[in-house]
Structures are given as structure tokens and as C-alpha cells.
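**Q** Need coordinates for the below:
(chains A and B)
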Amino acid sequence: MATAVENPAPFSGGMPVEIGKIERELKKLWEQSGGATTRASLINLAVYSEAAGSLAKNTELLSRLTESNACRAIVIRSEPDAKENRVEAWISAHCHVSKAGSKQICSEQLSFRIEGSSMALLTNVVFSHLDSDLPLYFWWQGEFHDPMDPQLFAWVDRLIYDSQSWNDFDAQMRRVEIAQEEAKQRVVLCDLNWTRIVHLRLALAQFFDCAEPEAQLSGITGVEVEYAPGFRSTAVLLLGWLAAQLKWQAAEPSRNELRFISGDQSVPALLNETDGQPISRFVLRRGATEFCVLHAPDADLLDVTVFEEGAPRMHQLMPAGENDPAVLLEEELTRGGPHRVYLRAINCVRSLL
Amino acid sequence: MNRLADQHLSNPLREGLATRAAPQPCTVVIFGATGDLTMRKLVPALYNITADGEMPPGVAVVGFARREKTDEQFRTEQEETTRKFSRQQVRDDVWKQFGNSLFYHQSEFHDPDGYKRLVDRLDKLDQERGTGGNRLFYLAVAPDQFEAILKNLKAVGLNKGKDGGWARVIVEKPFGTDLPSARELNRVVRTAFSEEQTYRIDHFLGKETAQNILVLRFANAIFEPLWNARYVDHVQITAAETLGVENRAGYYEGAGALRDMVQNHLLQLLCLVAMEPPTDLGADSVRDEKVKVVRSLRHFKESEVAEHVMRAQYSAGAINGKEVPAYRAEKNVNPESQTETYVALRMHVDNWRWAQVPFYVRVGKRLPKSGTEISVHFKKAPSVLFNKDTPVLDQNVLVIRIQPDEGISLRMQAKMPGTSFRIQPVKMDFHYGTSFGKASPEAYERLLLDAMSGDATLFARRDEVEEAWAFIDTIEHAWAAKKNAPPLLFYPAGSWGPEEADELLAGEGHAWRRL
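**A** This next block holds a predicted model:
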């Protein structure tokens, strides 16, 4: 159970503090605990949002996330269009009883509301409150906009975003790439839309953990995907992954069908929008054999089956993950990695996303 | 790298998803299916692998035991115990799928007909579930049953995979009771299964923190340069438990602490601490380095055993404020038992890296606290500057806690606040539970998956086991000698063992670390 240390208004997620005194106030906070708690941190996690109510929402999200990912969280709510120029700050802590039982493990949260042209202070606000030596993960919620400060991205180790909500994937990615280039730093890109499909990828991959996977995969004759409204980009990203890994080329798409070229063969990929999970059904066909992954509404397990003529029906349940920002972020933090495969996947279907 | 891992890497859809080899569908046959190990550890571990989505489809588990039972009864019993002992809560939907993969095969271990029927059953499961003739046999039975089981498996051809599949056998400890019996056991196993097919399980090696010893040593640049006789003063390995003999008296009376813990678990930990860097992380590369450590252990002459090894037994005392009886007063224990419940050893690894560095190893039951840890005690700072006038500064100590509260800590000196130079030891502490909220899989989960995947890195090899017994045997022989046998000492339950064990270290200016 998470407990905030203080609950003053106007933002009820922490104790208001003066910007220049944050570290001092944090120190006091720990002294007040009388040594009954342990402060832990593996990363600096900055969360940026321009959405109204995001401070409270992200505070709640972090209280869940910090149960298994100790971090120093820097939560920023920006209002660039506000008339006044103002910066406010709060501090709080998320404390959880450790798995071992007796100890309270606490993660610090520093919350900021930045209004008007004070937005120019964003980089400084982040930099001056980092826990030294720990990597900086920056979660940018919503769309990027110009200009993206290359100074900031020069120190970001992992840039987290969710492309599912983007209107124009290509334009957004171009901004990220320009920022990367200007910062002369290869930031690891962590797209939560990519994380959203990790369990589906695991389920599909295990079908081909066999003696000659390439031979099996080279015979794929068709693909079907069912996705929920708003998750077409998730479906296309999943197809992009499959195509990139199997070295297929994307051909001209239509609304409900993409087409890939595999050698001299055309592989149709049918897309069907239907209510339910972000991806509720994914089928690979190889002749009469069908590799099927189903994700039923409200289910947290995938139903994974192979139908093959003359062979026993292979069926199993596998973890499905959740389409919940805190769970997705936790999954992302657990997996890490450079995401070469992601870059390959988006390159394959970039114009279709 | 093994063949299966190669296959795994050649699956392009696996890229970036997982680093471990995915097991192939197989049938797991557990001999001793109604025993404690199966119910408390093996089936819950298999369930957890399934719930985590790491079990390949089609895997079947066949329990082999003497009692009459139907598949349904077996499933119901296993569900009940798995709900009790599983690391994660049992889900009805996952159990429904997993429970349907459990089967029961009734037979005496020495009945050839039972094995003929087993062949038919496994063939049928291959057809129904696509397990491809891959079979993993788990001998969760006492070693005296091994021969009958292995002989019968061979007689019906189950020691080989079918139709291009594989067959492997997991052997539970104890791997013998001395060198001759270990050799005999290995001979028996070898009559049916080759060394490559044999997986000798030591669950200590499946623990996350035991594996982390290699990561700590070889993934960090700062420790390895100090990891030698030039900088290390001595090493201590402690396995303490508050429990007494509980319901294991039948086994423990014949084994004792030395055979039960030191020969396998603690020597394995010592090997991980003392080994040279392997050339790669392949099973044989790691095990080659471990076996070199065991071979380098300085063997005692029987006449030297009393000087280097202390054995003791707990007398009546108190644990957690409650009175507990003496070992000799425990149920099923001989009132004149000479079995040791505590043993402390001073050992040396006679190689270039560890010349003259003592390794102190102790294990005991009914000690004040439970905990297994390795502590590396570094040499003191030179007697100049801060150490000049008060040459009592503590050593730097690196502690690797294996269980519970897994983690690593480093003790160092720091200046106390104030105008004068007062120095006090402080501790840098890393706790797995604090830093990583995610629960670790149980050792058996990791080891079962490894065996299914054909990765033997965390399993003991024949030569490791035999070399370990060769070292232990000298001690056992000295204790069993009719003349001048080192005495069995006594310590009150709830104490840290006999005083004589402290003297083992005191002569060299050392003391046991307080847990």
C-alpha cells in the first residue's frame, strides 16, 4: 500500500516546497521517518505531460509502479499556454512493504507544475533534481512538439512514449530523430505501443522454436489481425515486426488489407476492427495449418493454439499482459534492451502507421 | 552453446525477446510421484513455469509410483498441494490446462511390466500431445531405487529419445554417501544414460543469488583484481538454520551435516567463489573451472582432521524463546547418536590465486538465526596513517547473502562527524527485495526449465561429485576411526555452535562473522 507523506492542497499528492530547497526538504522527510524506512532508487524516471489532471493521475500510477521499480520520480505537468509564468513543486514518497516483509521501501517523487514561458526551464528542472549516477528514463506522454531541447535528450538514456495515441507517426518520429541527431546521443526509444504487443510476440515466436524455424516461417501464406478501435497502429506495428523479422517487403496497402512480398510470393494481411482487447486475434496461416493467438475480452491470458491437419491440436495459455500504462511501463522497465528489432519493425511499416 | 540454444537463436521471431533457450515439448516422468519433493517442489514448480508462459505446449507430466491411483485422483491431490506450496496463487483457468497435462502411472519400481506399459503410455502421449519422443525422467526417490529404475528404463529403450527426440535423467541428491557409493551410483546411471543425458540437481545452484556470484565477479571490473590471496585475508561460508532435524531423522542419522550440506551445497558455493573465469558460459566451461577448485582443495591426512574440522551435536536449549530438545531426544534419533548437526572446517584452495587463504565453512542446525551467506574478508589497511596508533580497524568485508533477504553488502571505514578523526565501519547494502520488487522464480523452476532445454550449467558433473566425495571421505574416515577419532562436541540449541569452532579461526586472528 502506498502512502503519501503529506497531503496539502492544491495538488494533494505531496508537500509543497520551494524549488531551491527541494533536496533539503527531502532530507528532512527522511529524517522524520526515524530510520523506519529505506529509500531506494534504481533509476531517475521523469514523467512529462501537458494533460489536465495528469499530476494526480501520474502520482497514482507511480504509487503502483514503485512497488516493484524503486526510482526517483520527477513528475511534470506543463501548461505552456498559461497566462502566468510560474513553477510550483511538491515532494512526496511512495512507501511499500518489501517482499521480505518487515521493511518499508520508499521511492521519492518530486512533482512540478510549470506554467507559461517557464516551460523553458524544463531541462533545468529535470537536471537539477536527478539522483546522480542513476540512468534517466524520460516518459513523454502525448505528442512531441517543436522545438525539442537537444540538451535534455543528450542526457536521456531511455525515451519512453506511446505511439498508439499519435496522429502522425512519421512526423513524430522525425522530431525524435532530429533531437537525437542534435543531441549526438543514441537514446534508446521505448514505445509502449511496442511493449503492448510483447506477449503476442512471445506467443507467436514460441510456435517456431523448432528444429528448422526458417523453413516453417518461409511458408506463411496469410495473416489475419483483429484490433480494437484506436489500436490500428498497434496491429500495424505487430505486422511490421513480423514482416521485418521475416524479411518481407510492404506493398501498397488498402484500408483493410496490407500486402507483403516474401520472395516471389504475396502474403496478404487482413485487418479487421472489432471491439475487445487492443489485439484480440492474430492468425498466421501456412497452407492448411493455422497458428492462432486469441485474447478474449477481460482475459489476462492468451489462448494459443496450432491447428494442423493430421496432428494433435496444440493448445496452451500464456500471459497476456495488460493494456494499462503502469503495467506497460513496468514491463518496459523489466525488459530493457536496445530495441533494434523495434526500429526495424517501424522502418518496415513507417508509412502505414 | 548447446544444440537447442542454437535452434532457439535461429528463430527470427525470438530476436530481442528472450535470452534463454526455449524448451521443446516433452514428457516429464517423475519417479516418486507421491513423495514430498514432488508435491512440495516439483509440481508447484511445473505449474509456475506454465503460469509464467514458459512451458512449451503439449508438455505432459507423468507421475510414477507404487500406490494405486487414477489420473483424476493424482490431479486432485496435486492441485491441493500446489495451492498450498506454489510461489504464486493458483489460478483456476491455468490449473485446468495444467491439471489436464498430469497423468499417473502405477507400478512398482522393479516391475518390468510397469515399464512396458509406460512405453505404451508415453508413445500415446507423444501422439496426442506432440511431445516428439522427448522424455525427461526425474528420480525423486531414494538412491537405493535408482538401479532398478534405470535398469528397467534401459531394458525398454526409454533411455533413448524416440523418433529423433531426446531422453534425459535428473538425479536428486544425495549422490552417494561416500566416494565408492558415488562412483557406484554414477556407474549405475551410466549403464543407462550418458553423462550428457544426466542432470545431477543441487537446488542451491538454482538460487538467484548463487548465480549472482558469477555476475558479481565477472560482470564488474572492480572486484576481480582484488579477488585473490594478495588482497583477500580469508573467506567464510555459513549455512545456519534454526530448525532441528524435524521429520528427516531417518535420513539425517545416516548422513549428518557434513554429507547433507557440505559435500554438495557448500562446496558448490565455495567453487563459485574460488573458480577462475570460464572461457564462456557453456555448461562444461563453467563446470571445468569448478572442478579445478575441488581438485585444488588441500586434502587432510586423517591425523590432521581434528585440527581442521570440528563436529558437534546440539543439546537441549532454546530457539526463539522456546525450549527445544537435544538432538538425541528427537523422534527417531538414536539416544546415543554420534551424528553431527554442526560442522566447521578450515580449508585451503591450493592454487596460485588462493595460496594460504583460509576458507572457513560452517553449517549447523538449531543455531540462533537462519541464513546462508558468503563473506569475503579483505586484508586490513597498512598500519600507517589512520591505522598507525589504533591498529584495530575492521577489515573490509563483502557479504553475499544467499538466503533469506538475498543481497550484497560491503563494509568499509568512514570518518565519524566531528573535529577529530574517529573512524567507524559503515555498510553499503544492496537487497534484492528492495531494488527489484519482482519475485525470483524458485530454484526448481529454473533447474527444470534448464533440464528441458538441455542446459546443464547449473547441474553437477560426475567428476565434481566424485572429487567432492574424495575430500569429504577423509574426514568421515577419521571420525569413524576406532582409535583417536576426533571427539563429537556438543552445543546448546540456540547458540552459535561449540567454542572449539571459534578456536579454529582464533589461531589465525580470525573470528566467525555474526549473522
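**Q** which residues does residue A:346 contact?
**A** A:169, A:173, A:191, A:237, A:240, A:353 (CB atoms under 8 Å, 6 or more residues apart in numbering or on different chains). C-beta: built from backbone N, CA, C; applies to glycine.
**Q** Look at it and tell me its secondary structure.
**A** Assigned with DSSP: H, G, I helix; E, B strand; the rest coil, residue A:346 falls in the helix class.
**Q** In contact with residue 42: list those residues for me.
**A** Went with chain A since none was named. A:69-71, A:134, B:435-436.
**Q** that's the other chain; I wanted chain B
**A** Per CB under 8 Å, 6+ apart, neighbours of residue B:42: B:30, B:138, B:140, B:444, B:448.
**Q** Then residue B:87?
**A** B:44, B:48, B:439, B:441-442, B:445.
**Q** Wasn't it part of a helix?
**A** No. Using three-state DSSP, the secondary structure at residue B:87 is coil, not a helix.
**Q** Report pLDDT for residue 207.
**A** I'll assume chain A. In this prediction, residue A:207 carries a pLDDT score of 86.
**Q** um, chain B though
**A** Reading off the model, residue B:207 has pLDDT 84.
**Q** where's the nearest residue to it once chain neighbours are set aside relative to chain A, distance?
**A** Closest residue to residue B:207 in three dimensions, ignoring its sequence neighbours and counting by CB to CB, 6 or more residues apart in numbering or on different chains: residue B:443, at 5.0 Å. Relative to chain A, residue B:443 is positioned 17 Å away (CB to the nearest CB, to the nearest Å).
**Q** The residue in chain A that chain B sits nearest to: neighbouring residues, count only.
**A** The minimum distance from chain A to chain B, using CB to the nearest CB, falls at residue A:68 (2.6 Å). The number of residues packed near residue A:68 is 16, by other CB atoms under 10 Å in any protein chain shown.
**Q** circling back: closest one of the contacts of residue A:42 to residue B:509?
**A** Comparing the contacts of residue A:42 against residue B:509 with CB to CB places residue B:435 closest, at 35.1 Å.
**Q** wait, what's in contact with that closest one?
**A** Applying CB under 8 Å, 6+ apart, the residues near residue B:435 are A:40, A:42, A:70.
**Q** per-residue confidence at it?
**A** 72.
**Q** what are the ranges of the strands in the stretch 1-150 of chain A?
**A** In the stretch 1-150 of chain A, the strands defined using DSSP state E, counting those that start in this stretch lie at A:15-17, A:37-39, A:43-49, A:71-79, A:86-97, A:104-115, A:136-140.
**Q** Check what contacts the last one and list those residues.
**A** Contacts of strand A:136-140 with the rest of the structure, by CB under 8 Å, 6+ apart, involve A:43-48, A:71, A:126, A:130, A:152, A:155-161, A:190, A:329, A:333.
**Q** and that strand, how far from the chain's centre?
**A** 10 Å (CA atoms, centre = their mean, to the nearest Å).
**Q** quick one, it and strand A:43-49 angle?
**A** 20 degrees (axes from the mean of the first three to the mean of the last three CA atoms, to 10 degrees).
**Q** Quick check: can you name the pairing partners of strand A:136-140 and their directions?
**A** strand A:43-49 (parallel), strand A:158-161 (parallel) (DSSP bridges).
**Q** possible to save those strands as TSV with mean pLDDT?
**A** Putting these into TSV (pLDDT from 0 to 100) gives the following:
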stretch	mean pLDDT
strand A:43-49	94
strand A:158-161	94
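**Q** mind checking which of those is nearest residue B:350?
**A** Across these, closest to residue B:350 is strand A:43-49 (CB to CB), at 44.6 Å.
**Q** can you give me the offset of that closest one from its chain's centre?
**A** 12 Å.
**Q** Look at residue 310 and report its pLDDT.
**A** With no chain named, the answer covers chain A. Residue A:310 carries a pLDDT value of 76.
**Q** should've been chain B
**A** pLDDT, residue B:310: 95.
**Q** by contact count, what packs against whichever strand or helix holds it?
**A** Using DSSP states H and E, residue B:310 sits in strand B:309-315. On a contact count with 3 or more CB pairs under 8 Å, 6 or more residues apart in numbering or on different chains; DSSP states H and E, strand B:309-315 meets strand B:342-348, helix B:462-480, strand B:488-492, helix B:499-506.
**Q** Residues contacting it, please?
**A** B:244, B:256-258, B:300, B:326-328, B:337-346, B:364-366, B:475, B:478-479, B:486, B:488-493, B:497-498, B:500-501, B:504.
**Q** Next: stretch B:443-454.
**A** Contacts of stretch B:443-454 (CB under 8 Å, 6+ apart): B:2-5, B:20-24, B:26, B:28, B:41-42, B:45-46, B:48-49, B:54, B:56, B:59, B:87, B:136, B:166, B:168, B:170, B:199, B:201, B:203-207, B:456-459.
**Q** switch to 6 Å and redo it
**A** B:2, B:4, B:21, B:23, B:26, B:41, B:45, B:48-49, B:136, B:170, B:199, B:201, B:203, B:206-207, B:458 (CB atoms under 6 Å, 6 or more residues apart in numbering or on different chains).
**Q** Please state the offset of that stretch from the chain centre?
**A** Relative to its parent chain, stretch B:443-454 has a centroid offset of 14 Å by CA atoms, centre = their mean.
**Q** Over to stretch B:300-315?
**A** Centre to centre, stretch against its chain (CA atoms, centre = their mean), the figure for stretch B:300-315 is 23 Å.
**Q** And it, what's buried?
**A** For stretch B:300-315, a neighbour-count test (16 or more other CB atoms under 10 Å in any protein chain shown) marks B:300, B:302, B:305-306, B:308-315 as buried.
**Q** What about chain B: which of the contacts of residue A:346 touch it?
**A** Applying CB under 6 Å from any CB of the partner chain, the subset of the contacts of residue A:346 adjacent to chain B is empty.
**Q** and those, which of them are in strands?
**A** Among the contacts of residue A:346, the members found in strands (DSSP state E) are residue A:191.
**Q** Which ones among the contacts of residue A:346 lie within helices?
**A** A:169, A:173, A:237, A:240 (DSSP state H).
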